[in-house]
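Asks: dropping the sequence and predicted coords here.
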Amino acid sequence: MVGRLTGKRVFITGAAQGIGLAIAEAFVGEAAAVFLIDRDGALLSVVADKLCAKGAVVGHMQADITDAKVIDAAVLRAKSEIGPINALVNNAGVNVFAEPLATSDAEWDRCFDINLKGAWNCSKAVLPGLIAQGGGVILNIASTHAFTIIPHTFPYPLAKHALLGMTKSLGLEYAPDNVRVNALAPGYVATQKVIDYWNSFPDPEAAKAETMKLHPGGRIATPQEIAMAAVFMISDECPFMNATCLTVDGGLSVQQHPA
């Protein structure tokens with residue numbers, strides 16, 4: 001262990017797979033204690049057992065981030081299992097993509113309940129403790145959808161734009177309390193969600209190739225690459241970084257047209 005996160009006790013949402021799992025693995029590799037939540041309790045238990053087998057300090061609980069009372073209970077449980085939380089990673093999210101006029105009220109509610117309200121529920125649950133301890137860190141996993149728009153992906157970009165706004169608002173509000181609030185914006189990442197997206201096309205391999213062509217380097221990120229950026233942002237290596245967003249997309253969002 002390098003120990004870049006020694007002393008960090010991190011609450012991570014959506015930790016059973018994908019980016020959340022990679023973040024949990026990277027954090028314990030840097031000596032953090034972690035408390036993991038996910039809606040998939042069975043898969044989360046498997047993840048927690050594997051991390052514990054490596055000697056990590058891990059707590060976990062099945063939880064839905066849209067239920068504020070459940071999140072409050074999870075934060076209390078985390079305190080008893082790994083100690084008072086001093087860092088939060090709001091990773092849990094869901095893709096809700098549609099043409100605007102075809103978006104149902106149910107899809108709208110699901111998108112904002114998970115991608116925005118859920119992040120606020122978790123932030124609200126940990127903030128009093130962070131303030132009482134003299135500081136801490138909140139990291140919101142946003143997306144390049146937080147500042148760019150792809151047609152037919154409504155209302156997901158709206159929720160991610162709002163998450164970025166919440167990041168800035170909370171970062172300014174609680175800076176005097178030594179609480180840093182930042183966002184991390186991945187582009188395409190090789191997770192099951194992206195694989196499922198490719199598989200939704202008649203020719204998945206062609207869809208994959210088109211995605212790769214969008215990127216200057218001809219590839220997309222691994223979950224581990226996003227996780228290492230998260231390590232930096234939770235660590236004490238960037239103490240003056242607050243109310244901002246770090247983009248990790250291989251140059252995707254600054255390229256006007258693919259080559």
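Replies: Received the coordinates, thanks.
Asks: C-alpha coordinates for the worst-scoring helix or strand of the chain on mean pLDDT, PDB please?
Replies: Ranked by mean pLDDT, DSSP states H and E, the weakest helix or strand in the chain is helix 192-199, scoring a mean of 92. Taking C-alpha atoms only, helix 192-199 is exported to PDB below (Å, rounded to 0.1, in the frame of the first residue of the first chain):
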ATOM      1  CA  GLN A 192     -21.200  -3.200 -18.300                       C
ATOM      2  CA  LYS A 193     -23.500  -0.200 -19.000                       C
ATOM      3  CA  VAL A 194     -21.400   0.700 -22.100                       C
ATOM      4  CA  ILE A 195     -21.200  -2.900 -23.200                       C
ATOM      5  CA  ASP A 196     -25.000  -3.100 -22.900                       C
ATOM      6  CA  TYR A 197     -25.300   0.100 -25.000                       C
ATOM      7  CA  TRP A 198     -23.200  -1.500 -27.700                       C
ATOM      8  CA  ASN A 199     -25.200  -4.700 -27.500                       C
END
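Asks: quick check, distance from that helix to the centre of its chain.
Replies: On the basis of Cα atoms, centre = their mean, to the nearest Å, helix 192-199 sits 18 Å off its chain's mean C-alpha point.
Asks: can you list contacts of the helix or strand following that helix?
Replies: Beyond helix 192-199 on the C-terminal side, the first helix or strand identified by DSSP states H and E is helix 204-213. Around helix 204-213, the neighbours that count as contacts under Cβ atoms under 8 Å, 6 or more residues apart in numbering are Y188, V194, Y197, W198, S200, F201, G218, R219, I220, P258, A259. The way it works is simple: take the backbone N, C-alpha and C, and place the C-beta from them, glycine included.
Asks: 6 Å - rerun?
Replies: With contacts defined as Cβ atoms under 6 Å, 6 or more residues apart in numbering, helix 204-213 is touched by Y188, W198, F201, G218, R219, P258.
Asks: may I see the ChimeraX selection of the buried members of the residues you listed?
Replies: Restricted to buried positions by 16 or more other Cβ atoms under 10 Å, the ChimeraX selection for these reads:
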select :188,198
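Asks: nearest to D40, out of the contacts of helix 204-213: which one, please.
Replies: For D40, the closest of the contacts of helix 204-213 turns out to be W198, at 22.1 Å, with distances computed as Cβ to Cβ.
Asks: and the closest one, what is it in contact with?
Replies: For W198, the set of contacting residues under the criterion of Cβ under 6 Å, 6+ apart consists of P204, A207, K208.
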